[in-house]
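**Student:** coordinates only, sequence not included:
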């Protein structure tokens, strides 16, 4: 059985924590705090944005203020950062080849990717030639080999980059 002195110390702390949790739950978030990084740099750190549209492996989804906690693996695609509400809101678009996104209960979203390139910086001729090279490497590789698997990944990433800027690679 717990002594009274222990109970006097533990019980108030427990109630205090419960009250703080209830208070935090009643606060309504009005924006998403975005942390977006690649291995070499942080593109966004603690940035307040209206919404982030994420290319999840299970499908594209949007994160706005008050979103439920969520963890997703990313597929190659376009990550959109919407800075302001409404049609006139500035939107930045990045191509990401994969990665992970974690949305925390406090409207903080962390996105970690091996690379991220602004759509405006993608070169359609480079994507076309890289896709063709990957396609040739895939055909030349031994079936089931590591080389063939790597070439297939290169093809899929370049196809997704092309789609992001309106190209149709097949």
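**Tutor:** Perfect, thanks for sending it. The structure presented is a predicted model; accordingly, all values stated were derived computationally and were not measured.
**Student:** ok, now which ones touch residue 118?
**Tutor:** By CB atoms under 8 Å, 6 or more residues apart in numbering, the contact set of residue 118 is 92, 93, 94, 95. In this view, the C-beta of every residue, glycine as well, is placed from N, C-alpha and C.
**Student:** highest neighbour count among the residues you listed?
**Tutor:** Using other CB atoms under 10 Å as the neighbour criterion, residue 95 leads these with 25 neighbours.
**Student:** next structured bit after the least confident helix or strand in the chain by mean pLDDT?
**Tutor:** The helix or strand of the chain with the poorest confidence is helix 4-26; it has a mean of 47 (mean pLDDT, DSSP states H and E). Counting by DSSP states H and E, the next helix or strand C-terminal to helix 4-26 is strand 32-38.
**Student:** need the next SSE after that following strand, C-terminal direction.
**Tutor:** In N-to-C order, the element after strand 32-38 by DSSP H and E is strand 41-49.
**Student:** pLDDT of the helix or strand hosting residue 158, averaged?
**Tutor:** Assigned by DSSP H and E, residue 158 belongs to helix 146-164. Model confidence over helix 146-164, given as mean pLDDT, is 94.
**Student:** ok, residues contacting that helix?
**Tutor:** By CB under 8 Å, 6+ apart, helix 146-164 touches 75-78, 93, 95, 97, 119, 122, 124, 127-128, 130-131, 133-135, 137-138, 141-142, 168-170.
**Student:** so which of these are in helices?
**Tutor:** Among the contacts of helix 146-164, DSSP state H puts 124, 127, 128, 130, 131, 133, 134, 135, 137, 138 in helices.
**Student:** where does the prediction get shaky in this structure?
**Tutor:** 1-28, 86-89 (pLDDT under 70).
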